[in-house]
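Peer 1: starting from these lines, generate the structure:
(one chain, ligands or ions: 1)
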Amino acid sequence: MNKDKIIVALDVAAAAEARQIVADLRGEVGAFKIGLQLFTAAGASFVRETVESGIKVFLDLKFHDIPNTAARASVEAARLGVWMFNVHALGGAEMMRATIENVREVCERENLIQPKIIGVTVLTSANRETLREVGIAAEPDEQVLRLAQLAAKCGLHGVVASPREIKMIRANVGEKNFLIVTPGIRNDAETKKDGRKTKDERRNKLETSDDQKRVMSAKEAIAAGADYLVIGRPILQSADRISAVRKILREVETA
Ligand code: C5P
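Peer 2: This is a model prediction of the structure:
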């Protein structure tokens, strides 16, 4: 069902606010994402509480560390009972393999459900200039594909990528059931308006896309083959969050 494909990013500063969003939207969407802001503010106890209330949680902490540390942190994510969590594919094959193996082992031994482990490729806020700044000469799409192929080879269950790269990943990553999770969703009218803008206007796009640079509408992302859409500000900043979600779902139905 399309509603199961929507993951709402709980990008807020306090547990009380997050609880309210979950209460409002739990019947409307498939899962909720707890990222760095809320996790730092409300901690693992909030993750546990949310999981225990029957919510599917995507723990978006983007682990990137030495293999041993990333794997041990990942084991703790599994013990929290999250449905999905992620690591940076840029952490390399050894880190991803250690993560997968340790999580599998602990889940089998402790009789836990295996979470889906997803690799972050290139953040949707990054563009070619961002990559150049940190010494990566590849174009964003080349870099995304390289990391997606590496993640697939290591046995990760999927990747986070911008909706603009879905087709390329599907065409070049053969693994069956490889999941594509896409943030960078902005509403249809805004992305169309964006296309008509001049280069300078698009560069100065905080008015429509916030810090996201590789965006698409929900409908386009689903049509391109996204398994899950992560949506934050377009829902959170709406005066009526339920209507905002329903509007996105109606748009997606026509994909
Ligand atoms: O508010 P917005 O819809 O841009 O939120 C997107 C969410 O997805 C944020 O929580 C952000 O941290 C997350 N994310 C992302 N790009 C990635 C991975 C996660 O934007 N590559």
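Peer 1: averaged pLDDT, the one helix or strand residue 74 maps to. What do you get?
Peer 2: Assigned by DSSP states H and E, residue 74 belongs to helix 67-80. Confidence over helix 67-80 (mean pLDDT, whole number) is 98.
Peer 1: same deal with stretch 27-37?
Peer 2: When pLDDT is averaged along stretch 27-37, the result is 98.
Peer 1: that one vs the ligand: in contact?
Peer 2: Yes - using CB under 6 Å from any ligand atom, stretch 27-37 reaches the ligand at residue 35. No exception for glycine: its C-beta is placed from N, CA and C like everyone else's.
Peer 1: pull the CA atoms of that stretch into PDB?
Peer 2: Presented in PDB, the C-alpha positions along stretch 27-37 are these (Å, rounded to 0.1, in the frame of the first residue of the first chain):
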ATOM      1  CA  GLY A  27      -2.700   5.700  11.000                       C
ATOM      2  CA  GLU A  28      -1.700   7.700   7.900                       C
ATOM      3  CA  VAL A  29       1.900   6.500   7.200                       C
ATOM      4  CA  GLY A  30       4.100   3.400   7.400                       C
ATOM      5  CA  ALA A  31       6.900   4.500   9.700                       C
ATOM      6  CA  PHE A  32       8.600   7.300  11.500                       C
ATOM      7  CA  LYS A  33      12.300   8.300  11.400                       C
ATOM      8  CA  ILE A  34      14.300   9.300  14.400                       C
ATOM      9  CA  GLY A  35      17.400  11.200  13.400                       C
ATOM     10  CA  LEU A  36      20.300  12.900  15.000                       C
ATOM     11  CA  GLN A  37      18.300  15.900  16.400                       C
END
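Peer 1: could you pull out the buried residues of that stretch?
Peer 2: Within stretch 27-37, the residues scored as buried using 16 or more other CB atoms under 10 Å are 28, 29, 30, 31, 32, 33, 34, 35.
Peer 1: nearest spatial neighbour of the residue in the chain that the ligand sits nearest to, chain-adjacent residues omitted?
Peer 2: Of the chain, the residue with the smallest distance to the ligand, taken as CB to the nearest ligand atom, is residue 232 at 2.6 Å. Once flanking residues are discounted, residue 232 sits nearest to residue 9: 3.4 Å by CB to CB, 6 or more residues apart in numbering.
Peer 1: residues contacting that neighbour?
Peer 2: Taking CB atoms under 8 Å, 6 or more residues apart in numbering, we find residue 9 in contact with 32, 33, 35, 60, 183, 230, 231, 232, 236.
Peer 1: ok, and the closest non-adjacent residue to the third one?
Peer 2: Using CB to CB, 6+ apart and skipping residues adjacent in sequence, the residue nearest residue 35 is residue 60, 4.2 Å away.
Peer 1: strand partners (parallel or antiparallel) of the helix or strand encompassing that neighbour?
Peer 2: Per DSSP H and E: residue 60 is located in strand 57-63. Take DSSP bridges as the rule and strand 57-63 pairs in its sheet with strand 31-35 (parallel), strand 84-88 (parallel).
Peer 1: now that strand and helix 67-80, what's the angle there?
Peer 2: 170 degrees (axes from the mean of the first three to the mean of the last three CA atoms, to 10 degrees).
Peer 1: what is the mean pLDDT for strand 57-63?
Peer 2: 98.
Peer 1: what are the buried residues along it?
Peer 2: Those would be 57, 58, 59, 60, 61, 62, 63, for strand 57-63 by 16+ other CB under 10 Å.
Peer 1: who touches the residue nearest to residue 35 in this structure?
Peer 2: Here residue 60 is in contact with 9, 33, 34, 35, 36, 85, 86, 230 (criterion: CB under 8 Å, 6+ apart).
Peer 1: so where do the helices sit in this structure?
Peer 2: 15-25, 36-52, 67-80, 93-110, 128-133, 140-154, 166-172, 188-196, 199-203, 206-209, 218-224, 233-236, 241-253 (DSSP state H).
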